[in-house]
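Novice: Using only what follows, build the 3D model:
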Amino acid sequence: MTMDKGDEHLLPAQPHTQTRTRIRTQAGREWKDYMLPSEGPSSSCHSGDGRRLLVDIDAPENPPPPPPASSQSSEEKPVTWLSLPRKSQLIVLTLCRFSEPLTQTSVASYLYYYLSAFHPPNKPPPSAETISRQAGIIASSFALAQCLTGVLWGRLSDKIGRKPCILFGLAGTAISVIGFGFSENLAMALTFRILGGCLNGNVGVLRTMVTEVVVEKKYHSRAFLIMPMCFNVGIIVGPAIGGILADPASTYPGLFGGVEWMRRWRYALPNLASAVFLCTSMLLGFLFLEETLESKRYRNRTDIGLKIGGGITSFAKHLYHVVTRRRDSPEADGLGEYHQLVTDLDGDHDDDDDTTVVGSATPSSPSSASILSIPIKPKKPPTRPALREIFTKNIVFTLIAFTILPLHNATFMHLWGIFLSTPRSLTPHPSSPFKFTGGLGLPATQVGMAMSYLGAIGILMQLLLYPPLQAKLGLLRSFRISCMIFPIAYFLTPFLARVPSTSPPEQAASGWLVWASIVGVLLLQVTARTFALPGSVILLTNSVEKRSILGTVHGTGSSLASGSRAVGPVTGGVLYAAGLEGGVVGCVFWAMAGIAMLGAWWAWFLKEGRGLIDGEAEEEEEEESLA
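Specialist: The predicted structure follows:
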């Protein structure tokens with residue numbers, strides 16, 4: 001934007017003293033201030049980035065000098081949860097992410113008994129080996145569908161925007177869980193699981209949005225914890241909901257024993273509860289989630305959802321002021337119109353016009369301002385490169401590590417509930433320390449409790465342990481150490497079946513030693529997962545140097561991870577069944593330990609990338625042009 005001499009009459013006359021110009025650039029809904037000295041009120045400012053500019057020309061006689069660099073560095077505060085930028089958007093993303101792990105983990109607490117209910121009443125119930133195979137197929141079907149569509153969702157989000165993909169994924173998942181709850185046979189349940197996986201590519205898109213919302217790398221160690229924290233909260237709430245609401249007619253006969261549809265569809269209620277969470281998240285996303293794709297953020301379109309959400313927020317604020325009798329009065333400081341101008345620009349979601357707003361206010365009359373609107377041609381959307389230009393060596397190496405991690409982690413998450421539900425062995429354990437069979441025989445409510453421990457331990461570690469240790473050890477070192485903990489946890493897991501119990505073999509395992517051992521194994525696995533999952537996402541994000549391919553890379557990573565989550569559980573289910581039949585229930589867990597050791601070895605080949613250097617170069621170029 002350039003102000004020519006012919007436009008000088010549009011600005012009020014200023015005294016011929018040294019002035020300072022404050023230039024505010026808008027990127028999305030964030031503003032940056034630049035203080036520039038000028039010779040007079042008609043100084044020219046140049047900008048070619050297509051963003052909105054607000055120029056406020058004051059006339060102080062002696063502008064304050066900039067603080068020395070030493071004082072600036074000493075005033076830099078450490079990163080905390082409260083210092084994260086754009087917390088409102090992070091909250092909405094958190095709610096959108098939270099509903100999905102809640103839905104998936106809710107099924108795990110009753111999946112063993114859900115599949116047992118499919119057998120005809122005139123036939124004996126299926127064996128534990130058969131159920132473990134079917135459970136592996138059910139768990140893998142969702143991930144396999146995500147694997148086949150993950151790249152497509154990533155490419156689509158780079159084209160039409162992030163928000164539509166998120167909302168569509170939530171709606172598709174809600175439909176699939178309702179159908180899964182009312183399924184009457186294995187084929188029907190499998191169909192709805194595949195449908196849910198095909199319609200949902202939100203994991204990769206949400207990770208991309210976190211990267212675009214929180215740009216500065218110093219916040220990444222906490223910002224990228226949000227997605228794993230949602231998973232851990234879902235692990236706490238999901239199994240609890242599944243265990244409490246599963247088969248309500250039998251669990252609470254006094255309340256639901258006479259409800260016919262609950263007696264027919266015994267596991268529909270927890271799925272309906274999950275659908276309510278999904279629909280609520282979709283509504284909140286529609287009303288308050290902002291588009292982060294750069295080519296869509298500045299288009300001349302009006303988001304009707306944000307308009308309605310803004311109206312709801314304004315009404316709530318107005319109602320709060322009326323109730324508390326403490327309405328703000330910005331005119332009291334003599335800058336009412338200027339504050340109103342900035343508020344209007346900062347809170348306006350309507351990007352119909354890309355304009356430059358120039359206002360002037362003198363100290364003698366601070367409320368008087370003249371506005372000059374000059375259209376600026378918006379920046380053209382960046383060209384999306386071809387797939388062959390995306391996968392550099394560093395990205396490929398990081399994607400391989402990104403694929404190995406869910407191969408064993410997702411298999412453990414799937415087999416954990418099956419292993420806890422498997423009946424205990426009725427025969428004495430043989431003399432060999434590795435040749436034994438059986439599980440713990442826990443009911444659905446206790447399985448839900450044991451799975452909730454996964455989330456509770458994970459949340460505590462992510463809030464208290466991960467940020468300081470990651471800052472001390474570094475991203476890559478902490479990731480490598482965590483990968484070496486996984487094999488220990490997997491090796492010890494099957495030995496839970498040999499822990500002495502206070503109950504006979506015909507009943508569920510019980511006693512403080514049993515539960516202490518369960519918590520000990522979970523402590524190891526969750527510690528490794530707490531550092532490995534966010535670390536892998538940050539490493540993948542930092543391996544990308546061009547913003548235009550960020551969604552595609554995360555979509556590819558999500559697709560590969562989904563492939564691992566598809567292969568792992570189904571293969572693990574087959575090995576688990578073979579182990580039960582052969583009297584070596586630990587074979588699948590020890591195979592997982594071997595895969596985890598492979599991942600720990602591969603982690604030493606990774607390098608931490610520089611991140612989105614093109615975005616940083618653009619910001620530096622903008623500052624130089626303004627200066």
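Novice: Name the residues of stretch 479-497 that come out as buried.
Specialist: Neighbour counts over stretch 479-497 (16 or more other Cβ atoms under 10 Å) mark 479-483, 485-487, 489-494, 496-497 as buried. The C-beta positions use only the backbone N, C-alpha and C, and glycine is treated the same way.
Novice: what sits against residue 190?
Specialist: Residue 190 makes contact with 137-138, 141 under the criterion Cβ atoms under 8 Å, 6 or more residues apart in numbering.
Novice: go on, residue 581?
Specialist: By Cβ under 8 Å, 6+ apart, the contact set of residue 581 is residue 129.
Novice: In terms of helices and strands, where is it?
Specialist: Element membership of residue 581, judged by DSSP states H and E, is helix 550-582.
Novice: chain center to that helix: distance?
Specialist: Distance, stretch centre to chain centre, for helix 550-582: 20 Å (Cα atoms, centre = their mean, to the nearest Å).
Novice: avg pLDDT for whatever helix or strand comes next after it?
Specialist: Using DSSP H and E, the helix or strand that directly follows helix 550-582 along the chain is helix 587-602. Throughout helix 587-602, pLDDT has a mean value of 94.
Novice: before we move on, what about stretch 186-204?
Specialist: Mean predicted lDDT for stretch 186-204 stands at 87.
Novice: can you check stretch 172-182 too?
Specialist: For stretch 172-182, mean pLDDT rounds to 92.
Novice: List the buried residues of it.
Specialist: Neighbour-count burial for stretch 172-182 flags 172-174, 176-182 (criterion: 16+ other Cβ under 10 Å).
Novice: ok, now stretch 269-286?
Specialist: Residues 269-271, 273-275, 277-278, 281-282, 284-286 are the ones in stretch 269-286 that count as buried (16+ other Cβ under 10 Å).
Novice: For residue 311, what is the enclosing helix or strand?
Specialist: helix 304-324.
Novice: re the thing from before, of the contacts of residue 190, closest to residue 89?
Specialist: Ranked by distance to residue 89 (Cβ to Cβ), the contacts of residue 190 are led by residue 141 at 32.8 Å.
Novice: Look up phi and psi at the residue lying closest to that closest one once chain neighbours are set aside.
Specialist: Distances taken as Cβ to Cβ, 6 or more residues apart in numbering place residue 193 nearest to residue 141, at 4.5 Å, with adjacent residues excluded. Main-chain dihedrals, residue 193, degrees, to the nearest 10: phi -70, psi -40.
Novice: Hmm, residue 193 is touching residue 140, no?
Specialist: No: between residue 193 and residue 140 there is no contact under Cβ atoms under 8 Å: 9.1 Å.
Novice: more crowded one of these two?
Specialist: Between residue 193 and residue 140, counting by other Cβ atoms under 10 Å, residue 140 is the more crowded of the two (28 against 25).
Novice: what's the pLDDT at the more buried one?
Specialist: Residue 140 is assigned 81 on the pLDDT scale.
Novice: try residue 406
Specialist: Confidence for residue 406, expressed as pLDDT, is 89.
Novice: now do residue 506
Specialist: Note for residue 506: predicted pLDDT of 80.
Novice: and residue 454, helix, strand or coil?
Specialist: helix (DSSP: H, G, I helix; E, B strand; the rest coil).
Novice: Could you give the number of residues near it?
Specialist: A count of neighbours around residue 454, defined by other Cβ under 10 Å, yields 22.
Novice: for the one 4 residues further on, same thing?
Specialist: Residue 458 sits with 25 neighbouring residues when counted by other Cβ under 10 Å.
Novice: so it is in which element?
Specialist: Using DSSP H and E, residue 458 sits within helix 444-460.
Novice: hang on, the earlier thing: make JSON lines from the contacts of residue 190 and add secondary structure to it.
Specialist: Converted to JSON lines, these look like this (three-state DSSP):
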{"residue": "137", "secondary structure": "helix"}
{"residue": "138", "secondary structure": "helix"}
{"residue": "141", "secondary structure": "helix"}
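Novice: ok, so of those, who is nearest residue 441?
Specialist: residue 138 (21.2 Å).
Novice: Show the contacting residues for the closest one.
Specialist: Applying Cβ under 8 Å, 6+ apart, we find residue 138 in contact with 111, 115, 186, 189-190, 193.
Novice: do residue 251 as well
Specialist: residue 244.
Novice: show me where the stretch 251-400 of the chain has helices.
Specialist: Taking DSSP state H, counting those that start in this stretch as the test, the helices found in the stretch 251-400 of the chain are 253-256, 260-264, 268-288, 294-297, 304-324, 336-347, 393-421.
Novice: which one of these is the most hemmed in?
Specialist: Highest mean neighbour count of the helices of the stretch 251-400 of the chain: helix 393-421, a mean of 22 (counted as mean count of other Cβ atoms under 10 Å).
Novice: relative to helix 587-602, how tilted is it?
Specialist: Per axes from the mean of the first three to the mean of the last three Cα atoms, to 10 degrees, the angle that helix 393-421 makes with helix 587-602 is 160 degrees.
Novice: And stretch 135-144, what's buried?
Specialist: For stretch 135-144, a neighbour-count test (16+ other Cβ under 10 Å) marks 135-144 as buried.
Novice: Okay, and residue 509 sits in which element?
Specialist: Residue 509 belongs to no helix or strand, assigned by DSSP H and E.
Novice: ok, how many other residues are close to it?
Specialist: With neighbours defined by other Cβ under 10 Å, the count for residue 509 comes to 25.
Novice: now do residue 610
Specialist: Counted by other Cβ under 10 Å, the residues lying close to residue 610 total 12.
Novice: before we move on, the earlier item: mind checking which of the helices of the stretch 251-400 of the chain is nearest residue 156?
Specialist: Closest to residue 156 of these is helix 294-297 (Cβ to Cβ; 12.3 Å).
Novice: Now the closest one: average pLDDT?
Specialist: 74.
Novice: Export it to CSV, keeping only CA atoms.
Specialist: C-alpha atoms of helix 294-297 as CSV (Å, rounded to 0.1, in the frame of the first residue of the first chain):
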residue,chain,number,x,y,z
GLU,A,294,-4.1,-19.5,4.4
SER,A,295,-5.7,-19.6,1.0
LYS,A,296,-9.2,-19.8,2.6
ARG,A,297,-8.7,-17.4,5.5
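Novice: what separates that helix from the chain centre, distance-wise?
Specialist: 21 Å.
Novice: Check stretch 113-122 too.
Specialist: The answer for stretch 113-122 is 36 Å, by Cα atoms, centre = their mean.
Novice: tell me the phi and psi of residue 507?
Specialist: phi -110, psi 170.
Novice: That one touches residue 442, doesn't it?
Specialist: No: using Cβ under 8 Å, residue 507 makes no contact with residue 442, being 10.2 Å away.
Novice: ok, those two, which is more surrounded?
Specialist: Comparing residue 507 with residue 442 by neighbour count (other Cβ under 10 Å), the higher total belongs to residue 442, at 24 against 12.
Novice: what pLDDT does that one get?
Specialist: For residue 442, the pLDDT comes out at 85.
Novice: For residue 523, see how far away it is.
Specialist: 19 Å (Cβ to Cβ, to the nearest Å).
Novice: same question, residue 541
Specialist: 28 Å.
Novice: just residue 225 next, same as before
Specialist: 18 Å.
Novice: per-residue confidence averaged over the helix holding residue 311?
Specialist: Helix 304-324 shows a mean pLDDT of 83.
Novice: for residue 584, phi and psi?
Specialist: Residue 584 adopts backbone torsions of phi -130, psi 80, taken as degrees, to the nearest 10.
Novice: which residues does it contact?
Specialist: Each residue near residue 584 by Cβ under 8 Å, 6+ apart is listed here: 434-437.
Novice: Filter those down to the buried ones, ChimeraX style.
Specialist: In ChimeraX, a selection of the buried entries from the contacts of residue 584 looks like this (16+ other Cβ under 10 Å):
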select :436,437
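Novice: Show me which of the contacts of residue 584 is closest to residue 240.
Specialist: When the contacts of residue 584 are compared against residue 240 (criterion: Cβ to Cβ), the nearest one is residue 437, at 29.5 Å.
Novice: Isn't the closest one up against residue 587?
Specialist: No: using Cβ under 8 Å, residue 437 makes no contact with residue 587, being 10.2 Å away.
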